[in-house]
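Asks: Curious how this folds, go ahead:
(chains A and B)
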Amino acid sequence: MSDGVLVIGASAGGLSALESLLLELGSCFSYPVIITKHLASGDEEGLSKFLGKTSPLPVSIAYDKQKMVDNHVYLAPGGYHLQVEDRETLSLSIDAPVCHSRPSVDVLFQSAADVFGTQVVGVLLTGANKDGAEGVRAVKQAGGLTIVQNPETAEVPTMPKSAIATGCVDHVLDLSDMAVCLKSKNFKPET
Amino acid sequence: MTEPGDSYQDFELKLLLSAVQEKYGYQFGSYARASLIRRVKRHMKMSGVQHISDLIPLFLHDESAFAVFVKDMSVVVTEMFRNPDFFKSLRENIVPILKTYPFIKIWHAGCASGQEAYSMAILLDEEGLLDRCQIYATDFNDQALRHAKSGIYPEAEMALYEENYRKTGGKKELSDYFHRGYDSVKFNGRLADHITFANHNLVTDGVFGEMNLILCRNVLIYFNQELQDRVLQLLFDSLCSRGVLCVGKRENILFSSIGNQLEVTDRDQRIYRKGN
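Replies: Sure thing, here's the model as predicted:
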């Protein structure tokens, strides 16, 4: 059973952002890392291989009712929503797309907030739609920590901007500062 | 809306499900939690109530409000030839097995709005098997079954369906199988003639005939582990000797209670055969 989870959302431009974040995060992060990046059904194999090449943590595509382990990266498969089912388990659904997206970042973040409450760290990266904004709100309302990529330096600013507009973001950071912030494990939100 | 981490949430959910079971007989208690909570919360928003327990009097005293909820519980968004590689594998690896039978019985367990059953009928037609096939497509939701039976789908979805169909190794145009209406299409009655749509609840109903092929794709994801095991046993018991079982691409059943009684035909596409 994990003490908490790190959930990450990304869309357009997310490939290189995820690559560098995982690289800098290294292998000393003690939560399961769960990633929803918008992609088409079937494209998850390519994403998994791409990130697996450089990520210090092992990367795999999540399957339904998979048990989570710390220090492992789980990717949402295309055409499914990925959810945190309980403190040990991931689950999938084929419910309607949210913000035109399946997998949706909102669905992942809301389910993580529901299960882990204050022990969720939500990180939202570059992207071209507003998916993730409601997710960030849910994480914040549950007492978790929310970090959003600086829209000025994000490849596509819409997703970070929409999240910041909710007023539920603890830190707006450049990609290079995110890993430092996460590793400091100072997970108490500044309220 | 219930606040995330609300300490009464699980308690209220339990009360709601028990009230639903008492009054209507539906057993949602063993459904997977995350999807269930999501649907309940969506329903709370729709009904303009603040707490999960507020749904109890609503469902007890307003059957039409409950009917909307039941429909919502079974609504999934799928497509024809979802995961084309799966249908390609069916064509290449399973059709030759089916061809050895004089008569073929196929069951789509949890067919929702029926896209997969029509996809199967088309594939079998192209392989010259449709006339000796009986396809059963079941769901616990009558409204979904009515939609499935109609064979009517939005025209806007046809581009995706057509693309999927081509990737499966389809031999014609998908449009050869439907007629266009205003902004929807209706699949040929010849396909539906070989499909029996029937109400069957995987949670409460029993074994379903002796099937040569069972498809239960992306249905088990809505059940918790215990219910998954029970339903898998039911599916297993509904297979004829050496029958074929297919589940969703991201469902893992090899570690389930029936896992050691299955032979893997296509690991990636989750196609299995009942062992000897």
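
Asks: what about the strands in the chain?
Replies: Just going to use chain A. For chain A, strands defined by DSSP state E occupy the ranges A:5-10, A:33-37, A:59-61, A:73-75, A:81-84, A:90-93, A:120-124, A:145-149, A:171-173.

Asks: my bad, the chain I had in mind was chain B
Replies: With DSSP E as the criterion, chain B has strands spanning B:104-109, B:133-139, B:152-154, B:178-180, B:184-187, B:195-199, B:211-216, B:239-247, B:262-266, B:271-274.

Asks: The first one packs against which elements?
Replies: The one in question is strand B:104-109. helix B:115-126, strand B:133-139, strand B:211-216 (3 or more CB pairs under 8 Å, 6 or more residues apart in numbering or on different chains; DSSP states H and E). C-beta here means a position set from N, CA and C on the backbone, and glycine is covered the same way.

Asks: pull the CA atoms of it into PDB?
Replies: Once non-C-alpha atoms are left out, strand B:104-109 reads as follows in PDB (Å, rounded to 0.1, in the frame of the first residue of the first chain):
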ATOM      1  CA  ILE B 104     -21.500 -21.700 -34.300                       C
ATOM      2  CA  LYS B 105     -22.800 -20.000 -31.100                       C
ATOM      3  CA  ILE B 106     -21.300 -16.600 -30.100                       C
ATOM      4  CA  TRP B 107     -22.100 -14.600 -27.000                       C
ATOM      5  CA  HIS B 108     -21.400 -10.900 -26.500                       C
ATOM      6  CA  ALA B 109     -21.700 -10.500 -22.800                       C
END
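
Asks: How far does it sit from its chain's centre?
Replies: Chain-centre distance of strand B:104-109: 12 Å, with CA atoms, centre = their mean, to the nearest Å.

Asks: what's the angle from it to helix B:115-126?
Replies: 160 degrees (axes from the mean of the first three to the mean of the last three CA atoms, to 10 degrees).

Asks: neighbouring contacts of strand B:104-109?
Replies: With CB atoms under 8 Å, 6 or more residues apart in numbering or on different chains as the contact definition, strand B:104-109 has outside contacts at B:98, B:116-117, B:120, B:124, B:129, B:132-138, B:200, B:202, B:208-216, B:219, B:235, B:238, B:240.

Asks: Turn the helices and strands packed on strand B:104-109 into CSV, columns for mean neighbour count.
Replies: Compiled in CSV, those are given as follows (neighbours: other CB atoms under 10 Å in any protein chain shown):
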stretch, mean neighbour count
helix B:115-126, 25
strand B:133-139, 22
strand B:211-216, 24
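
Asks: For B:F11, find the nearest of the strands of chain B.
Replies: strand B:133-139 (30.5 Å; CB to CB).

Asks: helices or strands up against that closest one?
Replies: Strand B:133-139 packs on strand B:104-109, helix B:115-126, helix B:142-150, strand B:195-199, going by 3+ CB pairs under 8 Å, 6+ apart.

Asks: Quick check: residues of the stretch 101-250 of chain B near chain A?
Replies: B:N218, B:L220, B:I221, B:Y222, B:Q225, B:Q228, B:G248, B:K249, B:R250 (CB under 8 Å from any CB of the partner chain).

Asks: rerun that using 6 Å as the cut-off
Replies: Proximity of the stretch 101-250 of chain B to chain A, by CB under 6 Å from any CB of the partner chain, involves residues B:N218, B:I221, B:Q225, B:R250.

Asks: Run a quick neighbour tally on the first one.
Replies: The one in question is B:N218. 24 (other CB atoms under 10 Å in any protein chain shown).

Asks: Find the nearest non-adjacent residue to it, please.
Replies: Closest residue to B:N218 apart from its sequence neighbours, by CB to CB, 6 or more residues apart in numbering or on different chains: B:G248 at 3.9 Å.

Asks: so what's the one you found scoring on pLDDT?
Replies: B:G248 carries a pLDDT value of 97.

Asks: do the one 3 residues further on as well
Replies: Predicted confidence (pLDDT) for B:E251: 97.
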